[in-house]
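Chemist: Quick one: sequence plus predicted model below, questions after.
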Amino acid sequence: MRPPLAGVLPAAAAAAAGILVGAAIVATRFVIHQTGPASLALLRYLIGVCCLLPPVLLSARVRFARRDLVPIALLGIAQFGILIWLMNFGLRVISSGRAALIFATFPLLTMLLAAGLGHERLTLAKTLGVLATIAGVGFALGEKAAQQGSAAHHWIGELAVLASALSGAVCSVLYRPYLRKYPALQMSAFAMFASVGFLALLAAGEGFFGAWPRFTTGGWLAVFFIGVCSGIGYYLWLWALGHTTPTRVTVFLALSPVTATGLGAAFLAEAISLMSLLGLACVVLGLWLAHRQDPAASRGAAP
């Protein structure tokens, strides 16, 4: 029999990560026009690595097998370098509402990939749960996204955000074997550190090393906030992936646009409409469906 908290703690960690993602998206939207996409991503993960470094140094040393170093580094580059660069690029040309709607396909893509690779079963409840969360995000942000219109050049940003979601889905599925072998904290720090070198190359092309970044005071605070969210959120994300299935973790990304809507109401005086409340109800329903106990699926899923 599973311990009472066996499913609760991973869900709580994934929920916290989803909320931090939403908060970071709002902060990114605030500061993205003060620098380039790669430069912001580089600063984000330099701060993230610094947040993870003290607990890593204080914890027991972990030796990674040589054959695992390159795959973990590549996953880190995809998760931090490619995913965030694509997201930052998309946010330069499309609204945060439209970006959140597209990025909400993350759990659906993860579920299809995990099922296709045989990592988890594609149950009816889990499928309905993912679809309900996507519908909830659509209700919550559909009005705002539609108001922005769709200029002819916006398809480039939309495609970038979709590619960002696909990159994250692939990483979420492929991380799991390594999370069975290594602690999430050390994995997080190593993968994030690997991405810093890749992002440095991209940032150099934006002139990052030619002059000290010029941010407003609010911009620097936003960058610091984004970096802290990344360090803490990614550790929670990997820890959750190591203790439950990828779909049940990624479905909590539906909380990110809900969080963004709430923060917009609290700090930017944005109204919360009836559609937003309906969307929130769909998200709650979707999360409940995705986490329903399915004895057959539990027997077939990896521990």
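Modeler: Structure received.

Chemist: Pull up the gap between W237 and G48, please.
Modeler: Look at W237 and G48: by C-beta to C-beta, to the nearest Å, they are 12 Å apart. Bear in mind the C-beta positions are built from the backbone N, C-alpha and C, glycine included.

Chemist: what's the answer for A27, then?
Modeler: 13 Å.

Chemist: go on, F225?
Modeler: Distance from F225 to G48, by C-beta to C-beta: 11 Å.

Chemist: same check, this time on L124
Modeler: 38 Å.

Chemist: Neighbour count: the two, which is higher?
Modeler: G48 (27 against 10; other C-beta atoms under 10 Å).

Chemist: Identify the residues contacting that one.
Modeler: By C-beta atoms under 8 Å, 6 or more residues apart in numbering, the contact set of G48 is 192, 227-228, 230-231, 234.

Chemist: Of those residues, just say which sits nearest to L201.
Modeler: M192 (16.0 Å; C-beta to C-beta).

Chemist: my read: the closest one touches L52, true?
Modeler: Yes - with contact defined as C-beta atoms under 8 Å, M192 counts as touching L52 (6.7 Å).

Chemist: Give me the pLDDT for Q79.
Modeler: Per-residue pLDDT puts Q79 at 84.

Chemist: can you check the one 10 residues further on too?
Modeler: With respect to pLDDT, F89 scores 86.

Chemist: Could you list every helix and strand in contact with the one helix or strand it maps to?
Modeler: If you go by DSSP states H and E, F89 is part of helix 83-93. Packed against helix 83-93 by the contact rule (3 or more C-beta pairs under 8 Å, 6 or more residues apart in numbering; DSSP states H and E) you find helix 8-31, helix 37-58, helix 96-103, helix 154-174.

Chemist: Could you tell me which residues make contact with the spatially closest residue to F30 that is not a sequence neighbour?
Modeler: Nearest residue to F30, sequence neighbours excluded (C-beta to C-beta, 6 or more residues apart in numbering): A222, at 5.1 Å. For A222, the contact set (C-beta under 8 Å, 6+ apart) comprises 27-28, 30-31, 215.

Chemist: Poorly predicted segments of the stretch 151-300 of the chain, please.
Modeler: Along the stretch 151-300 of the chain, segments meeting pLDDT under 70 span 151-154, 257, 261, 264-265, 267-273, 276-277, 279-280, 283-284, 287-288, 290-300.

Chemist: quick one on the thing from earlier: can I get the contacts of G48 in JSON lines with neighbour count and secondary structure?
Modeler: Listed next are the contacts of G48 as JSON lines, based on neighbours: other C-beta atoms under 10 Å; DSSP: H, G, I helix; E, B strand; the rest coil:
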{"residue": "M192", "neighbour count": "26", "secondary structure": "helix"}
{"residue": "G227", "neighbour count": "22", "secondary structure": "helix"}
{"residue": "V228", "neighbour count": "18", "secondary structure": "helix"}
{"residue": "S230", "neighbour count": "27", "secondary structure": "helix"}
{"residue": "G231", "neighbour count": "23", "secondary structure": "helix"}
{"residue": "Y234", "neighbour count": "26", "secondary structure": "helix"}
